[in-house]
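Visitor: Give me the fold of what follows.
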Amino acid sequence: MRRPIWLVWLTIALVACQPIAAPAPSAPAAVLDEWIEGAPGVGDPVFPLLGNGGYDVQHYTIELSVDVMRNEIMGATSIRAEATLPLRSFNLDLLGLTVEEVTVDGAPAHFARNGQELTIVPTAPLAAGALFTTVVTYAGTPAPIRDAHLDFVDQGWNQRNDAIFVVSEPQGAMTWYPVNNHPIDKATYTLRITVEESYIVAANGVLREEIDHGDRRTYTWEMAQPMASYLTTVVIGDFVRITKATSTGVEIRHYFPPQDADRLTQLFAATDEMIAFYSDLIGEYPFDAYGAAVMPFPLGFALETQTLPIFGLDTVMEGVNAHELAHQWFGNAVTLASWDQTWLNEGFATYLQRLWLERKLGRAFLESGMRRYYEMLAAMKTPAPGTVDAQNLFSMSVYERGAWVLHALRLRIGDELFRRFLRTYYARFKDGVASTEDFIALANEVSEQDLTDFLRSWIYDETLPPIPEIGESFPSSD
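Guide: As a prediction, the model looks like this:
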């Protein structure tokens, strides 16, 4: 996600419910004593209640009927998961909305609400290793999360000017569907959205089906690769779909406001070339499709929602597209393991955007630019990016000091090893999550050097280390 303040290209109640009752025992009492209540959070350093313990989601099927003008939804989300512990109860994250019914494996389940926690007690406990399906039926008007620490974005489901768009980083997915809302539990998705005939629906992945019901239409989107919940999106409004033949085999489909479609098509013309560049540098593009969804109004930011980044009319720039596209590798395919390490997302995307510009404008351009940023960071005494709080999740620290971690590593080990590091990091953690310690350990492995102190100084020291000696330029291919 981009903040627009300091870079032109980084723009970026309790409801009535059934009371909890004890599950009907299906095992002797001595055995039932072994069942546990799933944790209401995964203990993230920044958002400790995000996510839940005791299970691993495999697939979400989200079915919504949307009244766009009223901004109302009726929905049923089916969640296929595996119990990782023997569970007598478990939680989902859901904020607002009215839960009408919950079933587990087809049987009605007891449930209760407490803030964002939806606690579910199945009729029978769930054994560790058991696959189970939970269906939550719900309705209401989704309300985005307004966080004083992140005052530039309303997180989650947004309605504006007869359009709906979802931008959930970091917490907002739970504003429109029940979810294990932390990046460590990625899953595949089916999104089946029904709207009035006059609207277009775009979402993550590939459009598999459109069903015409006369005055309403259902769009079915499939995200076949694992996705973190904060990257899910739905866009509804008056858009035209622009497709483009590609050299990479990746389906490019953009969603633009009709009145701006010609201009925006030209502004995003380099997308295929960018995909080819990053694929050669890092590894094959991780998903089946890519394209921008541009809102017909300014947003002040862009967000790397998986395969379909969201832009405002004010953030449509080649550099921002390069940044959001780079996130598809680093941030989306390889995702941060906890929210205090956002530099692993934003530092990578910022530096890869610079590498795209280096390809076009040369190594001297990159080096002079990185030195200017270094001088600015030193003058501003920008904090280290290694662990940040909620207020600094999307700060200069994670973008610019984060990018300098990568540039310093490149200068220290040289371009050939740096490129090998990028490719190995991506291949090893693709479809999963990575931590700062994973980053350091892999840099040591690839370089066959002990870079621990060197990298930790760039990642954690409040004072900027000295710039390493400049290395050579990237080779054009393996």
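Visitor: Test my guess that G172 contacts V166.
Guide: Yes: in this structure, G172 is within contact of V166 by C-beta atoms under 8 Å, at 7.2 Å. For glycine as for every other residue, the C-beta is placed from the backbone atoms N, C-alpha and C.
Visitor: Give me the common contacts of those two.
Guide: Both G172 and V166 are in contact with 156-157, where contact means C-beta atoms under 8 Å, 6 or more residues apart in numbering.
Visitor: now the residue nearest to G172 when sequence neighbours are not counted: how far from L150?
Guide: Here the nearest residue to G172 in space, its sequence neighbours aside, is G156; by C-beta to C-beta, 6 or more residues apart in numbering that works out to 2.8 Å. Using C-beta to C-beta, to the nearest Å, G156 is found at 12 Å from L150.
Visitor: neighbour-wise, which of the two wins?
Guide: Summary of the neighbour comparison: G156 and L150, criterion other C-beta atoms under 10 Å, with G156 having more neighbours (24 against 20).
Visitor: For that one, pull up the helix or strand it's in.
Guide: strand 156-160 (DSSP states H and E).
Visitor: do I459 as well
Guide: helix 452-460.
Visitor: now for that helix, which elements pack on it?
Guide: Secondary-structure packing of helix 452-460 (3 or more C-beta pairs under 8 Å, 6 or more residues apart in numbering; DSSP states H and E): helix 402-413, helix 436-447.
Visitor: per-residue confidence averaged over the strand holding G156?
Guide: For strand 156-160, the per-residue pLDDT values average out at 97.
Visitor: now swap in stretch 436-446 and tell me
Guide: In this model, stretch 436-446 carries a mean pLDDT of 98.
Visitor: could you check the distance from Y399 over to L406?
Guide: For Y399, the distance to L406 (C-beta to C-beta) stands at 12 Å.
Visitor: list residues touching both of these two?
Guide: Residues touching both Y399 and L406 comprise G347, with contact defined as C-beta under 8 Å, 6+ apart.
Visitor: The two: which is more packed in?
Guide: When Y399 and L406 are compared on other C-beta under 10 Å, the one with more neighbours turns out to be Y399, at 28 against 23.
Visitor: and the gap between the more buried one and Y285?
Guide: Looking at Y399 against Y285, where the rule is C-beta to C-beta, the gap reads 23 Å.
Visitor: do D212 as well
Guide: Remark: distance between D212 and Y285 (C-beta to C-beta) = 32 Å.
Visitor: Look at those two and report which has more neighbours.
Guide: Y285 (21 against 9).
Visitor: residues touching that one, list them.
Guide: Per C-beta under 8 Å, 6+ apart, neighbours of Y285: 248, 250, 275, 278-279, 328-329.
Visitor: filter those residues to the buried ones?
Guide: For the contacts of Y285, a burial check counting by 16 or more other C-beta atoms under 10 Å picks out 248, 250, 275, 278-279, 328-329.
Visitor: Most widely separated two among those residues?
Guide: When C-beta to C-beta is used, the two most widely separated members of the buried ones among the contacts of Y285 are T248 and W329, lying 13.4 Å apart.
Visitor: Could you report the distance from the closest residue to S395 other than its chain neighbours to E324?
Guide: Once its chain neighbours are removed from consideration, S395 has its nearest residue in V388; the separation is 6.8 Å (C-beta to C-beta, 6+ apart). Taking C-beta to C-beta as the measure, V388 and E324 are separated by 21 Å.
Visitor: the more surrounded of those two?
Guide: Relative neighbour count places E324 above the other of V388 and E324, with 27 against 22, counting by other C-beta under 10 Å.
Visitor: Quick one: residues in contact with the helix or strand the more buried one falls within.
Guide: Assigning secondary structure by DSSP H and E places E324 in helix 318-329. With C-beta under 8 Å, 6+ apart as the test, helix 318-329 has contacts from 2, 8-11, 267-268, 270-271, 274-275, 278, 282-283, 285-287, 290, 292, 302-304, 306-307, 309, 311, 345, 348-350, 352-353, 356-357, 426.
Visitor: Try it again at 7 Å.
Guide: Among residues not part of helix 318-329, those counted as contacts by C-beta atoms under 7 Å, 6 or more residues apart in numbering are 2, 9, 11, 268, 270-271, 274-275, 278, 282, 285-287, 290, 292, 302, 304, 309, 345, 348-350, 352-353, 356, 426.
Visitor: Which of these fall within strands?
Guide: Cross-referencing the contacts of helix 318-329 against strands under DSSP state E gives 290, 302.
Visitor: Which of the contacts of helix 318-329 fall in helices?
Guide: Secondary structure assignment (DSSP state H) places 271, 274-275, 278, 345, 348-350, 352-353, 356, 426 from the contacts of helix 318-329 within helices.
Visitor: List just the nearest of the residues you listed to R371.
Guide: Using C-beta to C-beta, T350 comes nearest to R371 of these, at 15.4 Å.
Visitor: How about the contacts made by the closest residue in space to that closest one that isn't next to it in sequence?
Guide: Using C-beta to C-beta, 6+ apart and skipping the chain neighbours, the partner closest in space to T350 is A403 (4.1 Å). A403 makes contact with 347, 350-351, 354, according to C-beta under 7 Å, 6+ apart.
Visitor: could you redo those residues as JSON lines and give each row pLDDT?
Guide: Output for the contacts of A403, formatted as JSON lines (pLDDT from 0 to 100):
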{"residue": "G347", "pLDDT": "98"}
{"residue": "T350", "pLDDT": "98"}
{"residue": "Y351", "pLDDT": "98"}
{"residue": "R354", "pLDDT": "98"}
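Visitor: TSV for those residues, including neighbour count and distance to L49?
Guide: Output for these, formatted as TSV (neighbours: other C-beta atoms under 10 Å; distance: C-beta to C-beta, whole Å):
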residue	neighbour count	distance to L49
G347	26	26
T350	26	29
Y351	26	32
R354	23	36
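Visitor: all strands in the stretch 101-250 of the chain, in order from the N-terminus.
Guide: If DSSP state E, counting those that start in this stretch is used as the criterion, the strands of the stretch 101-250 of the chain fall at 107-108, 110-114, 117-121, 131-140, 156-160, 163-167, 187-196, 200-203, 206-212, 216-227, 234-237, 240-244.
Visitor: what kind of secondary structure is N91 in?
Guide: strand (DSSP: H, G, I helix; E, B strand; the rest coil).
Visitor: roughly how far apart are it and I252?
Guide: 39 Å.
Visitor: Show me which of those two is the more surrounded one.
Guide: Using other C-beta under 10 Å as the criterion, N91 and I252 rank with N91 on top: 26 against 18.
Visitor: Quick check: the more buried one touching N52?
Guide: Yes: under the criterion of C-beta atoms under 7 Å, N91 is in contact with N52, at a separation of 4.3 Å.
Visitor: Would you check how far apart D44 and E346 are?
Guide: According to C-beta to C-beta, D44 and E346 sit 17 Å apart.
Visitor: what about the two, which has more around it?
Guide: The residue with more neighbours, out of D44 and E346 and counting by other C-beta under 10 Å, is E346; that gives 29 against 18.
Visitor: list the contacts for the more buried one?
Guide: The neighbourhood of E346, defined by C-beta under 7 Å, 6+ apart, consists of 394, 398-399, 402.
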